[in-house]
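[1] structure here, sequence nowhere to be found:
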Ligand code: SF4
């Protein structure tokens with residue numbers, strides 16, 4: 001496995017819309033970060049043999065990994081001997097939040113080997129940040145970006161949310177103008193989704209507004225030198241998120257930490273770790289497995305996965321995948337509706353347009 005994911009489950013506070021496994025500070029007081037460090041070290045020792053000698057990508061996600069001190073990360077991952085597995089070409093990303101970024105710590109993460117930062121900005125209006133349950137202020141964002149670049153990071157991604165209640169194109173424009181004053185190389189723009197029981201869910205904009213905003217972000221980003229290479233992702237040339245590309249291209253990866261997923265492409269085997277820090281730690285203290293479930297993908301799942309992965313990328317799919325008349329007819333309809341287009345440089349492929357990206361769920365359902 002040439003890609004490694006490590007899940008750090010601590011956050012300063014739980015955001016109202018978050019469905020990742022993470023514990024806000026009120027909960028982390030009950031847990032012991034040292035206990036997590038030891039448990040992670042145990043799991044790393046159990047699974048080090050699954051990793052390739054040379055790693056293509058590493059991703060520290062969560063949660064908020066930047067809340068874990070670099071020394072603690074170093075100790076926990078000692079059994080993986082990462083310094084011997086990384087090459088000058090390894091992409092090593094760490095997620096960070098504006099409120100937990102300090103210049104000195106950023107320098108230490110760099111000396112650990114991290115060479116790419118993915119920062120959760122989400123919005124640039126104080127009232128939106130408050131409504132979303134984010135702990136950082138609007139003013140913290142430029143300060144955090146300054147610290148990241150001052151520490152020497154050159155590959156920096158930011159996350160922004162689209163579809164926030166009451167958000168306008170002007171809000172998006174203002175946010176993108178502030179963010180691109182910095183030499184960011186990548187932007188992820190996700191549509192805010194909320195479970196029905198969340199009181200804010202009634203305030204979400206309608207589908208037409210969501211579509212307009214997504215298309216507006218596409219226009220703005222592509223006219224500012226970014227390629228729209230995946231449904232929600234934009235990159236400067238040569239700066240696509242390689243770790244995520246490995247997921248989307250169906251390559252193997254090893255996930256460590258509570259709730260982490262892993263995939264063994266050779267055996268079509270997927271598994272997931274337990275989503276409970278307490279149980280994760282307790283099981284590892286007894287040297288037991290932390291796997292919650294595993295599944296071998298069947299033919300139908302592989303077929304769905306193949307379409308889902310291909311349609312989300314701007315490389316699209318080869319036209320010889322259209323095996324049935326129904327699929328060919330549907331693609332023709334989608335082309336007439338401006339949702340699918342010929343690949344601009346490869347006549348053997350077709351792909352989703354920006355509008356198609358925004359409506360990708362229904363297209364995948366129709367073609368898979
Ligand atoms: S900071 Fe990220 S991981 Fe943590 S609660 Fe908020 S959205 Fe979830």
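    Thanks, I have it. Model, not experiment: these values are computed from the prediction.

[2] which other helices and strands contact the helix or strand hosting residue 362?
    Element membership for residue 362, per DSSP states H and E: helix 360-367. Counting contacts by 3 or more Cβ pairs under 8 Å, 6 or more residues apart in numbering; DSSP states H and E, the secondary-structure elements packed against helix 360-367 are helix 299-311, helix 325-336. (Each C-beta comes from the backbone N, C-alpha and C, glycine too.)

[3] try 6 Å
    Helices and strands touching helix 360-367, by 3 or more Cβ pairs under 6 Å, 6 or more residues apart in numbering; DSSP states H and E, are helix 299-311.

[4] now the helix holding residue 362: mean pLDDT?
    Helix 360-367 shows a mean pLDDT of 89.

[5] next: stretch 234-246.
    Over the span of stretch 234-246, the pLDDT mean works out to 97.

[6] buried set for it?
    Of the residues in stretch 234-246, those scored as buried under the neighbour-count criterion (16 or more other Cβ atoms under 10 Å) are 234, 235, 236, 239, 240, 241, 242, 243, 244, 245, 246.

[7] same question, stretch 176-184
    Under the neighbour-count criterion of 16+ other Cβ under 10 Å, stretch 176-184 has 176, 179, 180, 184 buried.

[8] do stretch 288-301 as well
    Buried residues in stretch 288-301, counted by 16+ other Cβ under 10 Å: 290, 297.

[9] swap in stretch 191-209?
    Residues 191, 192, 194, 204, 205 are the ones in stretch 191-209 that count as buried (16+ other Cβ under 10 Å).

[10] before we move on, back to that, now, the buried residues of stretch 234-246 that are in strands?
    Secondary structure assignment by DSSP state E places 234, 235 of the buried residues of stretch 234-246 in strands.

[11] so which of the buried residues of stretch 234-246 are in helices?
    Secondary-structure check on the buried residues of stretch 234-246 using DSSP state H: residues within helices are 242, 243, 244, 245, 246.

[12] residue 346: what secondary structure?
    coil (DSSP: H, G, I helix; E, B strand; the rest coil).

[13] and of the buried residues of stretch 176-184, the nearest to the ligand?
    When those are compared for distance to the ligand (Cβ to the nearest ligand atom), residue 179 comes out closest, at 17.5 Å.

[14] which ones are touching the spatially closest residue to residue 105 that is not a sequence neighbour?
    Sequence neighbours aside, residue 70 is the residue nearest to residue 105 in space, at 6.7 Å (criterion: Cβ to Cβ, 6 or more residues apart in numbering). Taking Cβ atoms under 6 Å, 6 or more residues apart in numbering as the criterion, residue 70 is in contact with 108, 109, 112.

[15] any chance of these in a markdown table, with secondary structure, neighbour count and pLDDT too?
    Compiled in a markdown table, the contacts of residue 70 are given as follows (DSSP: H, G, I helix; E, B strand; the rest coil; neighbours: other Cβ atoms under 10 Å; pLDDT from 0 to 100):
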| residue | secondary structure | neighbour count | pLDDT |
| --- | --- | --- | --- |
| 108 | helix | 17 | 96 |
| 109 | helix | 25 | 97 |
| 112 | helix | 18 | 95 |
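
[16] need these in JSON lines with distance to the ligand, can you?
    What follows is those, written out as JSON lines (distance: Cβ to the nearest ligand atom, whole Å):
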{"residue": "108", "distance to the ligand": "21"}
{"residue": "109", "distance to the ligand": "17"}
{"residue": "112", "distance to the ligand": "21"}
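
[17] before we move on, what SS does the single nearest residue of the stretch 101-250 of the chain relative to the ligand have?
    For the stretch 101-250 of the chain and the ligand, the shortest gap (Cβ to the nearest ligand atom) falls at residue 120, measuring 5.4 Å. At residue 120 the chain is in strand, as set by three-state DSSP.

[18] from what I see, it and residue 161 are in contact.
    No: between residue 120 and residue 161 there is no contact, the gap being 9.5 Å when judged by Cβ atoms under 6 Å.

[19] name the nearest residue to whatever residue of the stretch 201-350 of the chain ends up closest to the ligand, ignoring sequence neighbours.
    Taking Cβ to the nearest ligand atom as the measure, the stretch 201-350 of the chain has residue 259 as its residue closest to the ligand, at 10.8 Å. Once its chain neighbours are removed from consideration, residue 259 has its nearest residue in residue 21; the separation is 3.6 Å (Cβ to Cβ, 6+ apart).

[20] need the max-distance pair from the buried residues of stretch 191-209.
    Between any two of the buried residues of stretch 191-209, the greatest separation by Cβ to Cβ is 11.8 Å, found for 194 and 205.

[21] can you list the domains in this structure?
    As assigned by automatic domain parsing, the chain contains the domains 3-248, 301-367.

[22] right, so of those, which gets closest to residue 289?
    Checking the domains of the chain against residue 289 by Cβ to Cβ gives domain 3-248 as the closest, at 8.2 Å.

[23] and among the domains of the chain, the most buried is which?
    Comparing the domains of the chain by mean neighbour count (mean count of other Cβ atoms under 10 Å), domain 3-248 ranks first with a mean of 18.
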